[in-house]
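*Asks:* Build me a model:
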Amino acid sequence: MWAKNKQIGFTIVELLIVIVVIGILAAITIVAYNGVQQRARTSAVSSALSQAAKKLAVYQVDNAAYPTTGNLAAAGVSDSQDTTYQYTGSGATFCLTATNGNISYKVTESSTPTAGGCPGHGQGGIAAITNMSTNPSFEANLSSWGSWGGSGGAATLTRSTTGGQNGSAFGRLTWSTATTSPSGGPSVSFPITAGQPYSAAIYVRSSKTQSVYMEMKYQAGSTVLTYPNSGTTVIPANTWQRISYASTAPATATSLIIGVYATAGSGGTNWVAGDYIDADSLIVVNSSTQYNYADGNSPDWAWTGTANNSTSTGPPQ
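*Replies:* Next comes the predicted model:
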C-alpha cells in the first residue's frame, strides 16, 4: 500500500538547486555574449575608421588639403547604420571620431585608430556638451564679466592670477565702501533661446562667512522677465564652494544673466571696505542636467574659438 501511494517529484531543495544552476549558466552566457558584442563593435568601429582615414588621405592628395570642419562628406565619409562620425579639420590637420554603440575610436592625419574621442567630440555614445561661458575661469582677462556693488556700496572687479579653484586665475570683487544691506556680487550675461532649459554652476569664495545665492535673471531686451534663484547657501570664509541651479527660460526671453549675490538670509552681513567675494569655474549649459566643471583646457575638451576666451565643448566630466 505504501509503495502505491508514494508521490514522485522534486523536492523544494532540488528545485532551488536547479534554479540556481540555471541562473549561473544564464549569467555566464550574458557576460560571454556582451564580451563578444563589445569585441565585434570594437573591430567594426576600428575598421570603419581605418577606411575613413584612407578616404581622407586620398582627398588630401587630390585637393592638397583635408576637408575643413563640417565638410567630412566631401571625402566620401558619412554615417552608416552602425557607425557615426564626428570630424574636426583645419585643412592641414584633422581628427575623426567614430562611434559604434558605446565604443569610440579616434584617428588623426598622423596616427592610427586608438580608443577614445577627439578633443571636443562626444564619445562612448554620450554626446558632447557646450560650456556657454566664453571666459569661464578668468585665465585670460575679465571679458564678459560685470558686477554690482550692492545697495549703497562701491566695489571693483579685478583678476587675480594665483590661487584659482580651476587653473591659476579667478575674479575678485572688492568693496571700497560699505553696503547698506548684504547685497552685491559678480555677474555675466549670455544670449539664449526662449523656452529652453539652462543649468549653471560656479565656485565662489568670500573673505568672511557669508550667505549667498545664484540668480538666473531672464530678460527680453532690457526688460526683466523673471529671476529664479538657487536659495541661500552659507559659504565659510576663504573656502571655495560650488553653487548650482537650473531653470527654464520664459517664452519671450532673449538673454540670461548669471549672478552670485550676498543675501540677508541665514546670517548674511553687509559688506564693508576691504571685504571681497571671488568667482571661478563657471559652467552654463543648455540643459536641465547639472554637469561638473570643464572647459577647453579639460581632458578631451576643445575651445570653439580663442583659448580661454570662447565657448568650449567636450564629453561630460
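*Asks:* all contacts plus neighbour counts: C-alpha atoms, from now on.
*Replies:* Noted.
*Asks:* Tell me, how many residues neighbour residue 76?
*Replies:* By other C-alpha atoms under 10 Å, 11 other residues sit near residue 76.
*Asks:* give the contact list for it.
*Replies:* residue 55 (C-alpha atoms under 8 Å, 6 or more residues apart in numbering).
*Asks:* Going forward, the N-terminal residue is numbered 33.
*Replies:* Sure, I'll start counting at 33 from here, so that last one is residue 108.
*Asks:* Which residues does residue 247 form beta bridges with?
*Replies:* residue 261, residue 291 (DSSP bridges).
*Asks:* Look at it and report its pLDDT.
*Replies:* According to the prediction, residue 247 has pLDDT 96.
*Asks:* so it touches residue 294, yeah?
*Replies:* No: applying C-alpha atoms under 8 Å as the test, residue 247 and residue 294 come out as separate, 10.5 Å apart.
*Asks:* Residue 269 and residue 236 touch, don't they?
*Replies:* No: counting by C-alpha under 8 Å, residue 269 does not reach residue 236; the two are 10.4 Å apart.
*Asks:* For these two, indicate the residue with more neighbours.
*Replies:* More crowded of residue 269 and residue 236, by other C-alpha under 10 Å: residue 236, with 25 against 13.
*Asks:* my guess is that one meets residue 274, correct?
*Replies:* Yes: judged on C-alpha under 8 Å, residue 236 makes contact with residue 274 at a distance of 6.5 Å.
*Asks:* returning to that earlier point: compare neighbour counts for residue 247 and residue 294 and give me the winner.
*Replies:* More crowded of residue 247 and residue 294, by other C-alpha under 10 Å: residue 294, with 26 against 23.
*Asks:* got the contact list for that one?
*Replies:* Contacts for residue 294 (C-alpha under 8 Å, 6+ apart) come out as 214, 215, 216, 217, 242, 243, 244, 245, 300.
*Asks:* can we see that at 10 Å?
*Replies:* Contact partners of residue 294, counting by C-alpha atoms under 10 Å, 6 or more residues apart in numbering, are 182, 213-217, 238, 242-246, 264-266, 300-303, 309.
*Asks:* Flag the helix or strand of this protein with the lowest per-element mean pLDDT.
*Replies:* None of the helices or strands of the chain scores lower by mean pLDDT, DSSP states H and E than helix 34-37, at a mean of 51.
*Asks:* got the end-to-end distance for stretch 251-261?
*Replies:* 15 Å (C-alpha to C-alpha, to the nearest Å).
*Asks:* Same question for stretch 160-177.
*Replies:* First-to-last residue span, stretch 160-177, C-alpha to C-alpha: 25 Å.
*Asks:* what's the answer for stretch 145-161, then?
*Replies:* Distance between the two ends of stretch 145-161: 24 Å, counting by C-alpha to C-alpha.
*Asks:* Average pLDDT for it, rounded please.
*Replies:* Stretch 145-161 comes out at a mean pLDDT of 95.
*Asks:* can you give me the helices in this structure?
*Replies:* 34-37, 44-95 (DSSP state H).
*Asks:* Just send those helices back as JSON lines, with distance to residue 173 and mean neighbour count too.
*Replies:* Listed next are the helices of the chain as JSON lines, based on distance: least, C-alpha to C-alpha, whole Å; neighbours: other C-alpha atoms under 10 Å:
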{"stretch": "helix 34-37", "distance to residue 173": "93", "mean neighbour count": "6"}
{"stretch": "helix 44-95", "distance to residue 173": "39", "mean neighbour count": "15"}
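*Asks:* The ones you listed: lowest mean pLDDT?
*Replies:* Least confidently modelled of these is helix 34-37, at a mean of 51 by mean pLDDT.
*Asks:* Can you give the domain ranges for this protein?
*Replies:* 77-159, 177-333 (automatic domain parsing).
*Asks:* want to throw those domains into TSV with distance to residue 340?
*Replies:* Shown next, in TSV, are those (distance: least, C-alpha to C-alpha, whole Å):
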stretch	distance to residue 340
domain 77-159	14
domain 177-333	7
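*Asks:* shaky segments in the chain?
*Replies:* Applying pLDDT under 70 to the chain flags residues 33-42, 46, 60-70.
*Asks:* rerun at 80
*Replies:* 33-50, 52-73, 297-299 (pLDDT under 80).
*Asks:* pretty sure residue 247 is in contact with residue 231, am I right?
*Replies:* No: Residue 247 lies out of contact with residue 231 (C-alpha atoms under 10 Å); the separation is 11.2 Å.
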